[in-house]
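Asks: let's see this in three dimensions:
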Amino acid sequence: MSSDQLRIAIVAPYDLSRPGGVNNQIRAQARALRRLGHSVRVFGPASGPLENGEISLGRSVPVTMFGTESGLGVDPRGIPAVRRMLREPADILHVHEPFTPLMPWIALARARVPVVCTFHVHREQGHRVYALAAWLLRPLAGKIDRRIAVSYAARRTVEPHFPGAYQIVPNGIDVDRFTTPRGRPDVFEPARRHVLYVGRLEPRKGVEFLVRAMADVQRRFPDVRLIVGGDGPDAEHLARLSGELGVDARFAGTIPDADLPAFFQAADIVCSPALGGESFGIVLLEAMASSRPVIASRIEGYEELVGQRGCARLVPPGNAAALASAIDTLLTDAGARSEMVAAGNAVAREYDWSAIGRRVIEIYQSALASNGND
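Replies: Okay, the predicted model is just below:
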C-alpha cells in the first residue's frame, strides 16, 4: 500500500439493506474516496443482502423516530461483529450519525484509531433524543477527533448538546451520473408534462400538499401529470387522496438508485414539499444536475442550500396554494425555467464528490496529524 493511501473504515448507523439518504451518501463517499486511491470498507447493520465490499454488523431492528422508520443496529448480538471490525487494520474510523444506537456507540467506545464523525440530522424544534441522552453520550463525544456537519442547520441541531468544533462539509453528488443522457422511463408519457416528487412517503415530506396543489394545477393544465417516486407509511393515503381529488398521478414506488437520473431527466419540474426536518436537500441537487427546474419548501435545510441563487423557487411549507402558483408559473414561463436550470447546473457542480471527497481526506489527514502529536 502506498504511504499516501489511507485505510478507511466507515460505519453506517442505519440498515444498509434499506434505501435511505444517509446510506446513499455513505456509498457515494466510499466510491469517491476509492477513486482518490484510498482503501475503503463500509460496515453497518443489515436485514438483507449488501452491496459488494459492505460488511454486516448484525441484523437491524425497525424503529420509528421523528416520523421516519429506520432500521437500527440495536441487537446486542451485533457487538462481536463491531469488535471484529475494529481489529481489522485501519487508519481512520468514520462514523456517520455516531449517537444513533447501538453499533455506532460500540465503535466509538472501542476505537483504536482517530475517529471522524458526520452529523446529518436537523430538527427545527431541537433533537429530543440529544436533549434526553446528552449526559449518557458525552463520554462518547469525547472520543471524536474531528466533527463534520453536513450543513449549518445540522450543526445547530447537535452543537447545543455536544459543544465543539464542527466543520461544514456538505453532502455530495456524482454530477456526471445526472448529466449523462438516459432513456425515458415508461411511466412518463411523451405527450404529457410531468411534475416529479422523489423521496419517502411520510407526513413530514409534505407530499399531501403537492397532491392538493396538483388538483388545482390540472384544472388549468390537464396535460400535466404528477409522478410520485418513493414508498412509505403515507403511500396508501396519498393514492386514496389523489383518487378523491381526481388528480392524475402515477405512483412509481421506490426508484432504484441507478434509475434516478432517468426519472429526473424525464420530468419537467421537480418538487420537494417537505415540512421540515431536512438538513440539506440532496434531491434538489440531483434535480439541478439533471437540468430540471426545482420548487421546494422554504425550510432551513433547503434555504441554506439554494438561498438567493436563483436555482430553485421556494414556497411556504404546507401551503398547497403557493405550490400550485409556483408550478403554474414555471409551466408557462420558459425563460424562468431556463434561467433556473442554468443557475442550478452551476450550483450542482460545486457539490460534486470529486471536490467533497478531497475535503474529507484533508480532515482525515488533520486528525491523523493531531493524533500523532498527542
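Asks: CA only for contacts and neighbour counts going forward, please
Replies: Noted.
Asks: V217 and A324 touch, don't they?
Replies: Yes - under the criterion of CA atoms under 8 Å, V217 makes contact with A324 at 5.8 Å.
Asks: quick check: closest non-adjacent residue to V360.
Replies: V169 (7.6 Å; CA to CA, 6 or more residues apart in numbering).
Asks: ok, that neighbour touching G357?
Replies: No - using CA under 8 Å, V169 is not in contact with G357, being 9.5 Å away.
Asks: compare these two and say which is more crowded by neighbours.
Replies: Neighbour count, other CA atoms under 10 Å: between V169 and G357, G357 has more, with 23 against 20.
Asks: residues contacting the more buried one?
Replies: 29, 32-33, 36 (CA atoms under 8 Å, 6 or more residues apart in numbering).
Asks: swap in 10 Å and give it another go.
Replies: Contacts of G357 were listed using CA atoms under 10 Å, 6 or more residues apart in numbering, and they are 28-36, 169, 171-172, 351.
Asks: could you do D176 as well?
Replies: With CA under 10 Å, 6+ apart, D176 has these contacts: 261, 289-290, 349, 352.
Asks: and if we set it to 7 Å?
Replies: D176 sits next to no residue when contact means CA atoms under 7 Å, 6 or more residues apart in numbering.
Asks: in stretch 183-195, what counts as buried?
Replies: Residues 184, 188, 193-195 are the ones in stretch 183-195 that count as buried (16 or more other CA atoms under 10 Å).
Asks: can you name the residues in contact with that stretch?
Replies: 223-227, 262-263, 266-271.
Asks: how about 6 Å then?
Replies: Applying CA atoms under 6 Å, 6 or more residues apart in numbering, the contact partners of stretch 183-195 are 223-226, 266-270.
Asks: end to end, how far does that stretch reach?
Replies: Taking CA to CA, to the nearest Å, stretch 183-195 runs 17 Å from one end to the other.
Asks: now that stretch: average pLDDT?
Replies: For stretch 183-195, the mean pLDDT works out to 96.
Asks: got JSON lines for the buried residues of stretch 183-195, with secondary structure and distance to N319 too?
Replies: Output for these, formatted as JSON lines (DSSP: H, G, I helix; E, B strand; the rest coil; distance: CA to CA, whole Å):
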{"residue": "R184", "secondary structure": "coil", "distance to N319": "31"}
{"residue": "F188", "secondary structure": "coil", "distance to N319": "26"}
{"residue": "R193", "secondary structure": "strand", "distance to N319": "22"}
{"residue": "H194", "secondary structure": "strand", "distance to N319": "20"}
{"residue": "V195", "secondary structure": "strand", "distance to N319": "17"}
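Asks: how about those in TSV, adding distance to S70?
Replies: Formatted as TSV, those follow (distance: CA to CA, whole Å):
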residue	distance to S70
R184	31
F188	30
R193	34
H194	30
V195	28
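Asks: which among these gets closest to R156?
Replies: Distance ranking of the buried residues of stretch 183-195 against R156, using CA to CA, places V195 first at 32.6 Å.
Asks: how near is that closest one to G44?
Replies: Distance from V195 to G44, by CA to CA: 35 Å.
Asks: hang on, the earlier thing: looking at the contacts of G357, which are in strands?
Replies: Using DSSP state E, no member of these falls within strands.
Asks: can you flag the buried ones in these?
Replies: 28-34, 169, 171-172, 351.
Asks: what about the residues you listed, which are in helices?
Replies: 28-34 (DSSP state H).
Asks: got a ChimeraX select line for the buried ones in the contacts of stretch 183-195?
Replies: Buried residues among the contacts of stretch 183-195 (16+ other CA under 10 Å), as a ChimeraX selection:
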select :224,225,226,266,267,268,269,270
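Asks: returning to that earlier point: a markdown table for the contacts of G357, including pLDDT and distance to L108?
Replies: Shown next, in a markdown table, are the contacts of G357 (pLDDT from 0 to 100; distance: CA to CA, whole Å):
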| residue | pLDDT | distance to L108 |
| --- | --- | --- |
| A28 | 94 | 22 |
| Q29 | 97 | 20 |
| A30 | 96 | 20 |
| R31 | 95 | 23 |
| A32 | 96 | 24 |
| L33 | 97 | 22 |
| R34 | 96 | 23 |
| R35 | 96 | 27 |
| L36 | 96 | 26 |
| V169 | 97 | 21 |
| N171 | 95 | 22 |
| G172 | 95 | 25 |
| Y351 | 96 | 28 |
